[in-house]
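**Student:** how would this look folded up:
(one chain, ligands or ions: 1)
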Amino acid sequence: MNAQQGRLSVVGLGPGADELVTDQVRAAIAAASDAFGYFPYVARLSGLEHVKLHASDNREELERAREALNTAAEGRQVLMLSSGDPGVFAMASAVFEMLDHAQPQEQARWAAVDIEVLPGITAMLAASARLGAPLGHDFCTINLSDNLKPALVIERRIQLAAQADFAMAFYNPCSKSRPEGFERALRVLRAECEPDRLICFARNVSRPDETLQVHRLADVTAEMADMRTLVIVGNSCTRRVGKHVYTPRSYAV
Ligand code: SAH
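**Tutor:** This next block holds a predicted model:
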């Protein structure tokens, strides 16, 4: 038996600004011995001498989860870092996938690890707050990356969400390796929505180089979104008031 029970805390660091890290996550960082995560997230802990840092590439999520579980099983206090919220297109599911599909031997080794998931402010909510209230009525969230699901599924979801008049928040609108994601989404939106539909681009929210842009669908081009952008598509009632964008809470307004 280990003297200390190992713990794996899967935490969200929020969208970027230090003041958007929750106190609960701060306390977990203060108590940690090890931190695993994608390079830029691990870099946020680089000044902390009490934490051993284990950075990896963002295509190695399952292997990262395995190593973090193994380290926690040795009795260490391990952090798994995500940006935003760890449950939104991030590491919490990867940890549970690893647990679920592990060999019996590994599952036995990890059984004593205390696993907790600590929430963070996800990019969609940070972006919507900066813009005003574009998600004030019903909305849905779609990851535009076709890494883990077929492109046709993404197109169908956007089409049905537009027909149901949801506002939509798009994560991973495009990356260097897959630039066509947002272009594809735009094609579906143009077929389903009126040209005046408001589309918001929130880039690097809460970071020093934050930018916010709002355009009519008719004026949008694919280059307006990159991998640091969260895109919010308004519903049919989303409108501007002064410098803000909001979606009324009902259709009666
Ligand atoms: N778990 C994260 C999302 C990871 S997916 C969260 O809850 O926020 C990565 C995508 O999130 C990026 O491609 C981008 O679309 C969005 N994103 C993350 N941080 C952002 C920020 N500060 N500003 C704008 N978009 C951001």
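**Student:** and the residue nearest to residue 209 when sequence neighbours are not counted, bridged to which residues?
**Tutor:** Excluding its sequence neighbours, the residue lying closest to residue 209 (Cβ to Cβ, 6 or more residues apart in numbering) is residue 203, at 7.9 Å. Placement of C-beta: from N, CA and C, glycine included. Note on residue 203: beta-bridge partners by DSSP bridges are residue 211, residue 229.
**Student:** pretty sure residue 203 is touching residue 228, no?
**Tutor:** Yes: between residue 203 and residue 228 a contact is recorded at 5.4 Å, counting by Cβ atoms under 8 Å.
**Student:** Those two: which is more packed in?
**Tutor:** A count of neighbours by other Cβ atoms under 10 Å puts residue 203 above the other of residue 203 and residue 228, at 19 against 16.
**Student:** now that one: how far from the ligand?
**Tutor:** 6 Å (Cβ to the nearest ligand atom, to the nearest Å).
**Student:** who's in contact with that residue?
**Tutor:** 209-213, 226, 228-230 (Cβ atoms under 8 Å, 6 or more residues apart in numbering).
**Student:** Using JSON lines, please lay out these together with pLDDT and distance to residue 24.
**Tutor:** What follows is those, written out as JSON lines (pLDDT from 0 to 100; distance: Cβ to Cβ, whole Å):
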{"residue": "209", "pLDDT": "97", "distance to residue 24": "28"}
{"residue": "210", "pLDDT": "98", "distance to residue 24": "25"}
{"residue": "211", "pLDDT": "98", "distance to residue 24": "30"}
{"residue": "212", "pLDDT": "98", "distance to residue 24": "28"}
{"residue": "213", "pLDDT": "98", "distance to residue 24": "33"}
{"residue": "226", "pLDDT": "95", "distance to residue 24": "31"}
{"residue": "228", "pLDDT": "97", "distance to residue 24": "26"}
{"residue": "229", "pLDDT": "98", "distance to residue 24": "28"}
{"residue": "230", "pLDDT": "98", "distance to residue 24": "23"}
